[in-house]
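1. got a predicted model here, sequence first, then my questions.
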2 protein chains.
Amino acid sequence: MPDIIEVSSNKIFSGWQKVYLHESYELGCKMNFGIFLPPQVEEGPQPVIYWLSGLTCTEANFIQKAGAQKYASEQGVILVAPDTSPRNLNILGEDDDWDFGTGAGFYIDATNEPWKKNYRMYSYITKELPALINEKFPVLPYKQSIMGHSMGGHGALICALKNPGLYKTVSAFAPISNPVLCPWGKKAFTGYLGGLETNVETWKDWDATELVKKYNGPPLDILIDQGKEDKFLKDGQLLPENLLSAAKDAGLPLVLRFQEGYDHSYFFISTFIEDHIKHHVKYLKC
Amino acid sequence: MPDIIEVSSNKIFSGWQKVYLHESYELGCKMNFGIFLPPQVEEGPQPVIYWLSGLTCTEANFIQKAGAQKYASEQGVILVAPDTSPRNLNILGEDDDWDFGTGAGFYIDATNEPWKKNYRMYSYITKELPALINEKFPVLPYKQSIMGHSMGGHGALICALKNPGLYKTVSAFAPISNPVLCPWGKKAFTGYLGGLETNVETWKDWDATELVKKYNGPPLDILIDQGKEDKFLKDGQLLPENLLSAAKDAGLPLVLRFQEGYDHSYFFISTFIEDHIKHHVKYLKC
């Protein structure tokens, strides 16, 4: 296993918010991740919740703005917040757009050139990073769950839906719920996977609304919060009603809460993160 | 009264975090300030707590990182977070240092050229801004208090100590408690006020430890939190023990809490901001 290097360490709510750097073999570059260790790790291993951030974010946004450490400290859960893409690869065009390339890995494994060698965020999030976390930190084996925001909400949903049993539960804030049908998703999937015409099944295999239809694993209790004043909801980027409808048809319990007056920001996330952490703890500590 | 322009508005914890822009006559430039309006303003005017930030900050740091809105919403208090200096004045040297000039107004009124025309943060914070806030927002008259961090902790303390009765209480996180004796304070006061030799009384008039000695107003219950692992405490920039000792001699109630393991960051602030807001509410809602 590769080493990890501590980048920063700050005490917060009686626990420790740390950032580490490591060399990722899936992504072929150095990656940062944040980890909050609650005070309960002094007594023994604790469950872990993975947080996936949205477009343009690094590991820092969630750590600094969500206010999640308070609740993780109260509940005794570890929080892991990875970065949102590989970085500094010198791939032509990687820094041209804010919604593709750097900061926009979309938590999928690319199959298209020139991205397929490094843009493997799905394998990084579901395999490489948990193996590293489980080896280096006091994590309870098999007690993990996943949540995220926007692009990261999409990421959390597909990671859970594609790996029945791997995550005890999943939740999301304003997830990109049906990327096959929205502008952000179409752009990213065209770039990372190739055009829709020749790759329609591949596209569907990375889309939560499509994956829900064929989910066939243990019960998965999905919680989604969505601000009613979210600009990207109005722009048709998120499409949570498509996911809700597909989940209903598939008999999967999904609670979609529309929150009056809230937008797409971390101000929205910070308001409801306590609910999400408690939702996860219900399934992580039983 | 000049107009104010809304820069942003986000719902958070059932209230509204807003940022406004206005033309300051004290500072001679455009200034941003943040204001959190709790849901209780729908029922009528509420008390207000002013927050003063530290070196290099703008109005944004507190808004995004302190997590204070949750508690202000629960308690029904307005939070106002101004910027830390005038900006974009084209004064020679204003952007040369991170601890002097832009982002480092030190909440004093400069008397030295070329700063004295614009670097009037003390008058801005104690007079211009409250008058504007009281006119434009549903604030209970005479129900205000003040707190801050580092340079802003110094600012909060001197504003309260120089204006007996104006603020119902005051608190601080890791304040620069005795600027006359620390490197940051000496540099700032030399620049804004002139050298110590010829201006010793002026210097003392902006120093909390000196002001405590001659405070002669209504009871002022001062709460200070200080991280034990704060690098700037170790470097002798903060000197809270000098303030504690002077307050004891003067018979002023001051609680100085040293917090094991905490540093100078917003991770520290976010951990204890609930205590501070409750401390303020005790005096604002009686």
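-> It's in. Residues are numbered from 1 along each chain as shown, chains lettered A, B, ... in the order given.
2. mind checking how far the nearest residue to residue A:266 once chain neighbours are set aside is from residue A:130?
-> By the measure of C-beta to C-beta, 6 or more residues apart in numbering or on different chains, the closest residue to residue A:266 outside its immediate chain neighbours is residue A:65, 3.8 Å from it. (Glycine included, C-beta is placed from N, CA and C.) According to C-beta to C-beta, to the nearest Å, residue A:65 stands 24 Å off from residue A:130.
3. please apply the same query to residue A:113.
-> Residue A:113 sits 28 Å away from residue A:130, going by C-beta to C-beta.
4. okay, those two: which has more neighbours?
-> Using other C-beta atoms under 10 Å in any protein chain shown, the more surrounded residue of residue A:113 and residue A:130 is residue A:130, with 19 against 9.
5. the more buried one contacts residue A:143, doesn't it?
-> No. Using C-beta atoms under 8 Å as the test, residue A:130 is too far from residue A:143 to be in contact (11.4 Å).
6. for chain B, what are the nearby residues on the stretch 151-286 of chain A?
-> Within reach of chain B by C-beta under 8 Å from any C-beta of the partner chain, the stretch 151-286 of chain A has these residues: A:227, A:229, A:261-263, A:265-268, A:270-271.
7. quick check, pLDDT for the spatially closest residue to residue A:79 that is not a sequence neighbour.
-> Among residues not flanking residue A:79 along the chain, residue A:36 sits closest, at 4.2 Å (C-beta to C-beta, 6+ apart). Listed pLDDT for residue A:36 reads 98.
8. ok, now the one 4 residues further on?
-> pLDDT recorded at residue A:40 is 98.
9. is it true that it touches residue A:74?
-> No. Using C-beta under 8 Å, residue A:40 is not in contact with residue A:74, being 9.8 Å away.
10. if any of the residues of the stretch 151-286 of chain A next to chain B are buried, put those into a PyMOL selection.
-> Burial among these is assessed by 16 or more other C-beta atoms under 10 Å in any protein chain shown; the matching PyMOL selection reads:
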select buried, chain A and resi 227+229+262+263+265+266+267+268+270+271
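11. mind putting the residues of the stretch 151-286 of chain A next to chain B into JSON lines with secondary structure, distance to residue A:183 and pLDDT?
-> Below are those laid out as JSON lines (DSSP: H, G, I helix; E, B strand; the rest coil; distance: C-beta to C-beta, whole Å; pLDDT from 0 to 100):
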{"residue": "A:227", "secondary structure": "strand", "distance to residue A:183": "19", "pLDDT": "98"}
{"residue": "A:229", "secondary structure": "coil", "distance to residue A:183": "20", "pLDDT": "98"}
{"residue": "A:261", "secondary structure": "coil", "distance to residue A:183": "25", "pLDDT": "98"}
{"residue": "A:262", "secondary structure": "coil", "distance to residue A:183": "22", "pLDDT": "98"}
{"residue": "A:263", "secondary structure": "coil", "distance to residue A:183": "19", "pLDDT": "98"}
{"residue": "A:265", "secondary structure": "coil", "distance to residue A:183": "20", "pLDDT": "98"}
{"residue": "A:266", "secondary structure": "helix", "distance to residue A:183": "23", "pLDDT": "98"}
{"residue": "A:267", "secondary structure": "helix", "distance to residue A:183": "24", "pLDDT": "98"}
{"residue": "A:268", "secondary structure": "helix", "distance to residue A:183": "21", "pLDDT": "98"}
{"residue": "A:270", "secondary structure": "helix", "distance to residue A:183": "27", "pLDDT": "98"}
{"residue": "A:271", "secondary structure": "helix", "distance to residue A:183": "27", "pLDDT": "98"}
